[in-house]
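Chemist: okay, sequence plus prediction incoming.
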Amino acid sequence: MKRVNVHTTTTRMYGWQLTAIVGLFALLLGSVAHAASPKQDAADGFRVHNLFQSNMVLQRDKPIVVWGWAAPGEKVTVAFAGQTATATTGENGRWQVTLPAMEANSEPATMTIAGKDDTVTVENVLVGDVWVLGGQSNMQWGIGGANEGNLEVVSANFPKIRMLTVPKIFGSELKTDFPRAEEFSRMTGEDQYAGDWLVCSPETVGPMSAIGYVMARRLHMATQVPIGIVNTSRGGTTVEAWTPLARLKKLDTPEVKARLLVEHTKPHHPPGNCYASVISPTAGFAVKGVIFHQGYNNCFQGVRGARMYRAVFPEMIRGWREAFQDEALPFCILSQCTAGSQQTQDEFLVHLGDIGARIREAQYQTFLEFHNAGDKNIGFVSTYDLRHSNFHPRVKIPAGERAAIWALVSQYGVGNGLEWVPPTIEKVEAVDGTLELTFNESVSDNSDGTGMSGFAIAGKDKKFQLAEVTHKVVGKRGRKPQYDRSTIVLKSPLVDKPVHYRYAWGRNPMGDIQRSVRFGNRVMLATQRSDDWTNADLLKALTGEDADDPLELNRGERRTLQRVLAEEDQRRKIAEAKALLEKVESE
């Protein structure tokens, strides 16, 4: 396909279905599209940063910063929407101008950028809100490959939504720009026109992040403001790769220090790599906020890796806020998605050893760290109930809508019963062989008739069991019990004196507890626990054996833990069968 001119208005027409076929053919041949070269960061005469192209969206209500490169001492003038600003390049050849903040404007406008001998024209520019999409493959996953995505694609006639995917460039050195490069995605089997601002249409939307597109569509429909989405996500990446290396080196935690010493042969994984290659080239661009969905590739380093995630993730958020020059930049965390077989009542405890739950816990604790400190712009969305056995679950549309709800309520002041803040456990109390959990609001199940579920409880012996979950009875009206629906009671006949709980503790967990709503959207209780026990602690409690490494079980130890947890599941089922038999015989 012919490359379009960088700075002219164009309508790019291509069928995403066709590109998927072409891409799949290329995949079978073992080919990958052009790797973007970091050498293109170097100034080569007069030019404008590649963020500033035809079809782009500029952020409203913030000063508009435009920059690029030219010969040292060259005067550059930028004119847009009746405003003009001039700058002179320094010795390094970089120039930068700042135009006044502007209100949203859906009418296409033209920006001219003039140097000594060259003029660049950027056409079809809108002013609205720009959202950055970050994370790994489950954020990157295109809407064309999502469940019900074909309907989204054919109805994606939103010319006021604009889309940009930042190309894949690599290396730990900080980049100043990104190239424009067509890329083939092995994940989706589609060509991605990386580095180009595209007008949203059925012909262009297929490869775009499903979660990001759905959020953008909802925001645009609700506000009628132009929306730009900048997709920086990249498959197979870790949280430390998305964090500025300088910030990582300042963290005084053993897990982070150990991680910095590990060498990797792949470009994706080294600490700081994705920040340097994807975020750094866009640093300084005014945006509205960020949504971030990641976690899978941090699940392979045991408890030590989860602890590292907890230490690193807040610094990643601060680093991105610094890059986009807004210390209060709205930032929404979408918790790690599901994978593997679903946790069930029959096979409940065998899932407790999965490190994925600890990554979700670290994500929720990071949210609480900011939220409890008064940060009004931090957001959190659970996705564990959007269940799928594949580690690339295609249930993307509800996840994007939940991110949109957070944005509409917290950033746009849209009400109408929309909620996003997850319920909070305010008190845990042991009462007569049960655990009572008091929330800041009423909670309930999802009204599918199965009742509340998803909690495990344990005594001081560290032996967990599936808990029966009910609301606390506080009285009667006639023969009908009256409940305190902000308090739940956890109990098990196999746990005499429970002291700790875990909720939604598995990679594909049970758990359907949410804010009580008669009508409106679901807001799930986040994955969490009250204990601080490691998998090695559980292994010791159930077998009497010590792990070789207290923070990371080896393969044999993991198999042993799975086996003894399965035996505990079996012990519970036998006890339940005996109780049922005794009840039947007594009747």
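Modeler: The structure has been received and is ready for your questions. Numbers count the residues shown, from 1 in each chain.
Chemist: how close does Asp432 get to Leu408?
Modeler: Relative to Leu408, Asp432 is positioned 44 Å away (Cβ to Cβ, to the nearest Å). For every residue, glycine as well, the C-beta is placed using N, CA and C.
Chemist: between the two, which has more neighbouring residues?
Modeler: Using other Cβ atoms under 10 Å, the more surrounded residue of Asp432 and Leu408 is Leu408, with 20 against 8.
Chemist: check which helix or strand covers Gln96.
Modeler: strand 94-99 (DSSP states H and E).
Chemist: mean confidence for that strand?
Modeler: Averaging the model's pLDDT scores along strand 94-99 yields 97.
Chemist: for that strand, packing partners?
Modeler: Applying 3 or more Cβ pairs under 8 Å, 6 or more residues apart in numbering; DSSP states H and E, one finds that strand 94-99 makes contact with strand 64-69, strand 75-80, strand 83-88.
Chemist: try it again at 10 Å.
Modeler: strand 64-69, strand 75-80, strand 83-88, strand 105-114 (3 or more Cβ pairs under 10 Å, 6 or more residues apart in numbering; DSSP states H and E).
Chemist: quick check: Thr470 vs Lys480, distance?
Modeler: 15 Å.
Chemist: between these two, which one's more packed in?
Modeler: Ranked by neighbour count (other Cβ under 10 Å), Thr470 and Lys480 place Thr470 first, with 16 against 8.
Chemist: contacting residues around that one?
Modeler: Under the criterion of Cβ atoms under 10 Å, 6 or more residues apart in numbering, the contact list for Thr470 reads Thr434, Gly451, Met452, Pro481, Tyr483, Thr487, Ile488, Val489, Leu490, Lys491.
Chemist: next, the contact list for the closest residue to the second one other than its chain neighbours, please.
Modeler: The reference is to Gly451. Nearest residue to Gly451 in three dimensions, chain neighbours excluded: Asp445, at 5.8 Å (Cβ to Cβ, 6 or more residues apart in numbering). Asp445 makes contact with Gly451, Met452, Ser453, Gly454, Val469, Gly511, Asp512, Ile513, Gln514, Ser516, according to Cβ under 10 Å, 6+ apart.
Chemist: how much space between Glu107 and Ala81?
Modeler: The value you get for Glu107 to Ala81, if Cβ to Cβ is used, is 9 Å.
Chemist: hmm, I typed the wrong one, I wanted Leu386.
Modeler: 41 Å.
Chemist: could you do Ala156 as well?
Modeler: 27 Å.
Chemist: more neighbours: those two, which one.
Modeler: Ala156 (21 against 18).
Chemist: identify the contacts common to Glu107 and Ala81.
Modeler: Val125, Val127.
Chemist: didn't Arg387 look like it was pressed against Pro398?
Modeler: No. Counting by Cβ atoms under 10 Å, Arg387 does not reach Pro398; the two are 11.1 Å apart.
Chemist: for the helix or strand hosting Glu582, buried residues please.
Modeler: Using DSSP H and E, Glu582 maps to helix 555-586. Neighbour counts over helix 555-586 (16 or more other Cβ atoms under 10 Å) mark Glu557, Arg558, Thr560, Leu561, Gln562, Val564, Leu565, Glu568, Asp569, Arg572 as buried.
Chemist: count of residues packed around the nearest residue to Ile378 once chain neighbours are set aside?
Modeler: Computed as Cβ to Cβ, 6+ apart, the closest residue to Ile378 that is not its neighbour in sequence is Phe370, at 3.9 Å. Phe370: 19 surrounding residues under other Cβ under 10 Å.
Chemist: secondary structure class of Phe370, three-state.
Modeler: Under the three-state scheme (DSSP: H, G, I helix; E, B strand; the rest coil), Phe370 adopts helix.
Chemist: got a list of what it touches?
Modeler: Counted by Cβ under 10 Å, 6+ apart, Phe370 has contacts Pro314, Ile317, Arg318, Phe331, Ile333, Lys376, Asn377, Ile378, Gly379, Phe380.
Chemist: pLDDT at it, what is it?
Modeler: For Phe370, pLDDT reads 98.
Chemist: Thr121 and Thr110 touch, don't they?
Modeler: Yes. When contacts are counted by Cβ under 10 Å, Thr121 is listed as touching Thr110 (6.3 Å).
Chemist: just to be sure, Val122 is in a strand?
Modeler: Yes. Assigned with three-state DSSP, Val122 falls within a strand.
Chemist: next, report how far stretch 433-448 is displaced from the centre of its chain.
Modeler: 27 Å (Cα atoms, centre = their mean, to the nearest Å).
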